[in-house]
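1. What would the 3D arrangement of this be:
(2 chains)
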Amino acid sequence: MEFYSEKVMDHFMNPRNVGEIPDADGIGTVGNPVCGDVMRMYIKIENGVIVDAKFKTFGCGAAVATSSMVTEMVKGKTIEEALKISNKAVAEALGGLPPIKMHCSVLAEQALRKAIADYYRKIGKDPSSFEPKEENQH
Amino acid sequence: MRRIYLDYAATSPCDPEVIKAMQPFFFDKFGNPSSLHSFGQEVKKEIEKARETIASFLGADPSEIVFTSGGTESNNFSLFGVAYALEEKGNHIITSSIEHHAVLEPVKVLERRGFKVTYLKVDKYGLVDPQEVKKAITDKTILISIMHANNEIGTIQPIREIAKIAKEKDIYFHTDAVQTVGHIPVNVDELGVDLLSLSAHKFYGPKGAGALYIRKGTRIQRFLHGGDQENSRRASTHNTAGIIGMAKAIELCREKMQEEAEFQTNLRDKIIRQVLEKIPEVYLNGHPNLRLPNNVNFSVKYIEGESILLNLDLLGIAVSTGSACTSSSLEPSHVLLAIGLPAEIAHGSLRITLGRWTKEEDIDYLLEVLPKVVDKLRKMSPFYRS
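-> Below you'll find the model as predicted:
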C-alpha cells in the first residue's frame, strides 16, 4: 500500500486507545458524517496532566490513524503542552499524509482541543482562545 | 499471501489469448495501416477484420464502427459531436444524474457553452423512468444519453423503451455501454440506439482501446482533428495492437459470455444473500434483478468505505468504494446520492465486481473475512452501539 506510510497503516490496522472513558473529564466530537469523518475524543485529567486519552472514529484510514496518534501523543502531557500539538505534528509523527488527507490531521487536532475545551468549561475556565469554531469543521 | 481481485468493473486483466493475438503487432506487423505499401496494407487488412468482428458482435455494419482510445473518448465524441453537428436544430440534451463522469463532465462543458441539459432523476434502484424521458423532451432536444448499466450499482436501464421514445421524436440516442459489452447481450438494433460507447479493458481486452458505434446517417462532428483515418471520422494513427486485442477479446466473450454471466449471477446472489444474512444493518444498492451479473454494491451502516477497502486489501482482497475519502471534494458518489442514500450511508459503500477469473472459493474467503472487518470497524465507530 503506497498511498499511506507504513506508520499510518500500523496505526490504522492496530489503533491505540480505541474506546471510551466512562468518567472522562473532557469529551470532544468533531467532523460530520455527511463529509465522511467523525472523531470523538475522551480525556482523563489529573493535576493538570492528561493521564488517559481514548477515541472513537468514523472515517477513512487517515482519520483512524490520526486519532490513534494524537491520543498517543497527549498522554502524559500537561494541558498547555497538549494545546501545542499541531495537526502538522500529528501528520509528521505518522510519517506524513497524502495531501488530500491532511484534513484528517486537522480533525485530530480539533478533537483534542474540543475535549480540552469541554474540560475547561467543567472547571469554569474560558476555552475560547483555543476552541475550534464550528464552521472550521467539516 | 492470497490475492483476490474483485474490482473487475474498474478494469479487467487482459486475457492471455488477447495478449497472444496482440503480440505480432508490435514488431512483425508494425506497419501503419494508412500506408500504401505492403507493411501498411497487411495491417490494414487485420484492422478491417477486427472491425467486422466487433460490428457483428454488436449487430452493426463494419462501416458503423469507429475505433477510439476508450470509453471516455467515445462518450466525449458522441456528446460534443452530436451537439455541434445539430446546434442549428436545437440546444437541449437529456441525460441522467447517475451517468459516468465521462458523460457528465462533457455535458457540463456543453452547458457552460450555452446548451441546456436535463439531468433525469432515478428511483431508489437507480432506474430511469422512460416516461420521464418523454416528459423532458422539447422541440429543442437533439440528444438523449442514458447509460446501459451503471458502473457503481450495476442497474441495467430500460434502454429499449427509452430508445423507442427517442425514435418516435426523431432524436438521437446514445448509450454508454462500457459496463455491458462482453458481459450481457448488446445488439444495437435490438436496443435501438444511434450511438454506443464501449471500452476494451472492461471485457479482458487492453487499455487504451475502445470503439464508438455510429448508426449510418447519424450526423456527428469529428472529435479528434488531424489525419483522415477512420474515414475522416477520427484522426490519429491506429492503435493497431489495441484494436486487434479488442477484437480478440470480443471473440472470447462471444464464446464465453453466456456461461460466465450465469456463473457470476449465481456467485453475485450468493454474496448478496449471505452478506445480508451474516451482517446486520447492511443494505443492497441497485436493483435486485435488473443488475449486471458481476456487480454487488452494499452500504454498511456506521462505518466508512475506505476503511473497509484498506482492511480487505491487507487481507488480499481488492474491492472499491463510493466513499469520498480518496476524492478531494469530500462528497460521496453522485450515484449513491442520486438513489437517495443519506451521505453518511453513501460513505459506507462497498462495490464487489466479479470476472472471468473469480472462483467460488474466492467468494467464500470474502464471506468469511468481511463480517470480521465490519465488526472491527464498527467497534471503533462513535455511532455504533452493539
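2. Settle this for me: residue B:384 is touching residue B:300, isn't it.
-> No. Using Cβ atoms under 8 Å, residue B:384 makes no contact with residue B:300, being 10.7 Å away. Glycine gets a C-beta too; all of them are placed from N, C-alpha and C.
3. of the two, who's got more company?
-> Set residue B:384 next to residue B:300 and count neighbours by other Cβ atoms under 10 Å in any protein chain shown: residue B:300 wins out with 26 against 17.
4. Which elements pack onto the longest helix anywhere in chain A?
-> When every helix of chain A is counted residue by residue (DSSP state H), the longest turns out to be helix A:102-122. Of the remaining helices and strands, those touching helix A:102-122 by 3 or more Cβ pairs under 8 Å, 6 or more residues apart in numbering or on different chains; DSSP states H and E are strand A:26-32, strand A:37-46, helix A:61-74, helix A:79-83, helix A:87-93.
5. Could you rerun that using 6 Å?
-> Counting contacts by 3 or more Cβ pairs under 6 Å, 6 or more residues apart in numbering or on different chains; DSSP states H and E, helix A:102-122 packs against strand A:26-32, strand A:37-46, helix A:61-74, helix A:87-93.
6. Deepest-packed of the ones you listed, please.
-> Most buried of the helices and strands packed on helix A:102-122, by mean neighbour count (mean count of other Cβ atoms under 10 Å in any protein chain shown): helix A:61-74, with a mean of 27.
7. quick one: that one near chain B?
-> Yes. With Cβ under 6 Å from any Cβ of the partner chain as the measure, helix A:61-74 is seen reaching chain B through residue A:61.
8. How far does the helix or strand harbouring residue B:253 sit from its chain's centre?
-> Here residue B:253 sits within helix B:240-278, counting by DSSP states H and E. Using Cα atoms, centre = their mean, to the nearest Å, the distance from the centre of helix B:240-278 to the centre of the chain it belongs to is 13 Å.
9. Isn't residue B:137 up against residue B:169?
-> Yes. Contact criterion Cβ atoms under 6 Å: residue B:137 and residue B:169 qualify, at 5.5 Å.
10. On the three-state scheme, residue A:4 is what?
-> Put simply, residue A:4 is coil when judged by DSSP: H, G, I helix; E, B strand; the rest coil.
11. what's in contact with the longest helix of chain A?
-> Contacting residues not belonging to helix A:102-122 are listed as A:25-28, A:30-31, A:37, A:39, A:41, A:43, A:45, A:62-63, A:66-67, A:70, A:79, A:87, A:90-91, A:127, A:130-132 [Cβ atoms under 6 Å, 6 or more residues apart in numbering or on different chains].
12. cutoff 7 Å now
-> Counting by Cβ atoms under 7 Å, 6 or more residues apart in numbering or on different chains, the neighbours of helix A:102-122 from elsewhere in the structure are A:25-31, A:37, A:39, A:41-43, A:45, A:59, A:62-63, A:66-67, A:70, A:74, A:79, A:82-83, A:85-87, A:90-91, A:97, A:126-127, A:130-132, A:137-138.
13. Ok, stretch B:260-279 next?
-> When contacts are taken as Cβ under 7 Å, 6+ apart, the neighbours of stretch B:260-279 outside the stretch itself are B:183-184, B:282, B:284, B:293-296, B:298, B:352, B:354, B:356, B:358, B:360, B:363, B:367, B:370-371, B:374.
14. centre of the chain versus it, how much separation?
-> Worked out by Cα atoms, centre = their mean, stretch B:260-279 lies 21 Å from the chain centre.
15. and if you look at stretch B:118-129?
-> Using Cα atoms, centre = their mean, the offset of stretch B:118-129 from its chain centre is 17 Å.
16. The longest helix of chain A to strand A:26-32, inter-axis angle?
-> Between the axes of helix A:102-122 and strand A:26-32, defined by axes from the mean of the first three to the mean of the last three Cα atoms, to 10 degrees, the angle is 140 degrees.
17. can you state the direction angle for helix A:102-122 and strand A:37-46?
-> Computed by the same axes, to 10 degrees, the angle between helix A:102-122 and strand A:37-46 is 40 degrees.
18. Show me which positions of helix A:102-122 end up buried.
-> Buried residues in helix A:102-122, defined by neighbour count with 16 or more other Cβ atoms under 10 Å in any protein chain shown: A:102-120.
19. What of stretch B:278-296?
-> B:279, B:282, B:284-287, B:291-296.
20. Show the end-to-end separation of it, please.
-> 16 Å (Cα to Cα, to the nearest Å).
21. Could you do stretch B:145-157 as well?
-> Between the start and the finish of stretch B:145-157 there is a gap of 12 Å, counting by Cα to Cα.
22. Likewise for stretch A:76-86?
-> The separation between the terminal residues of stretch A:76-86, taken as Cα to Cα, is 17 Å.
23. What lies in contact with that stretch?
-> Under the contact criterion Cβ under 7 Å, 6+ apart, stretch A:76-86 has outside partners A:48-50, A:70, A:73-74, A:109, A:112-113, A:116, A:130.
24. which one of those residues is nearest residue B:118?
-> residue A:109 (44.5 Å; Cβ to Cβ).
25. which regions of chain B lie under the pLDDT threshold?
-> Per-residue confidence for chain B (pLDDT under 70) gives these ranges: B:324-330, B:386.
26. what do you get for chain A?
-> Regions of chain A meeting the criterion pLDDT under 70 cover residues A:1, A:134-138.
27. Spatially, what comes nearest to residue B:303 if we skip its sequence neighbours?
-> Distance criterion Cβ to Cβ, 6 or more residues apart in numbering or on different chains; nearest residue to residue B:303, sequence neighbours excluded, is residue B:377 at 4.2 Å.
28. I'd guessed the one you found sits against residue B:309; true?
-> No. Under the contact definition of Cβ atoms under 7 Å, residue B:377 does not touch residue B:309, with a separation of 10.9 Å.
29. Mind checking if stretch A:19-28 is in reach of chain B?
-> No. Residues of stretch A:19-28 contacting chain B under Cβ under 7 Å from any Cβ of the partner chain: none, with a closest distance of 8.6 Å.
30. Quote the end-to-end distance of that stretch.
-> Looking at stretch A:19-28, the gap from its leading to its trailing residue is 13 Å under the measure Cα to Cα.
31. repeat for stretch B:89-100
-> The straight-line separation of the ends of stretch B:89-100 (Cα to Cα) is 27 Å.
32. Could you do stretch B:301-309 as well?
-> Separation of the first and last residues of stretch B:301-309 by Cα to Cα is 15 Å.
33. which other residues reach it?
-> So stretch B:301-309 is contacted by A:36, A:58-61, A:64, B:281, B:300, B:319-323, B:325-326, B:345, B:347-350, B:373-374, B:377-378, B:381, B:383-384 (Cβ under 7 Å, 6+ apart).
34. What of stretch B:188-201?
-> For stretch B:188-201, contacts defined as Cβ under 7 Å, 6+ apart pick out B:11-12, B:58-60, B:70-71, B:74-75, B:78, B:159-160, B:163-164, B:167, B:172-178, B:181, B:206-207, B:209-215, B:218, B:242, B:245-246, B:249.
35. any idea how far that stretch is from the chain center?
-> Its chain's C-alpha centre lies 11 Å from the corresponding centre of stretch B:188-201 when counted by Cα atoms, centre = their mean.
36. Could you find the closest non-adjacent residue to residue B:180?
-> residue B:148 (4.4 Å).
37. Quick one: name whatever helix or strand follows the helix holding residue B:253.
-> Downstream of helix B:240-278, the first helix or strand assigned by DSSP H and E is strand B:282-284.
38. Tell me which strands the helix or strand that that next one is followed by pairs with, and in which orientation.
-> Proceeding C-terminally, strand B:282-284 gives way to strand B:295-300 as the next helix or strand, assigned by DSSP H and E. Paired strands of strand B:295-300, with direction, are strand B:282-284 (antiparallel), strand B:349-353 (antiparallel) (DSSP bridges).
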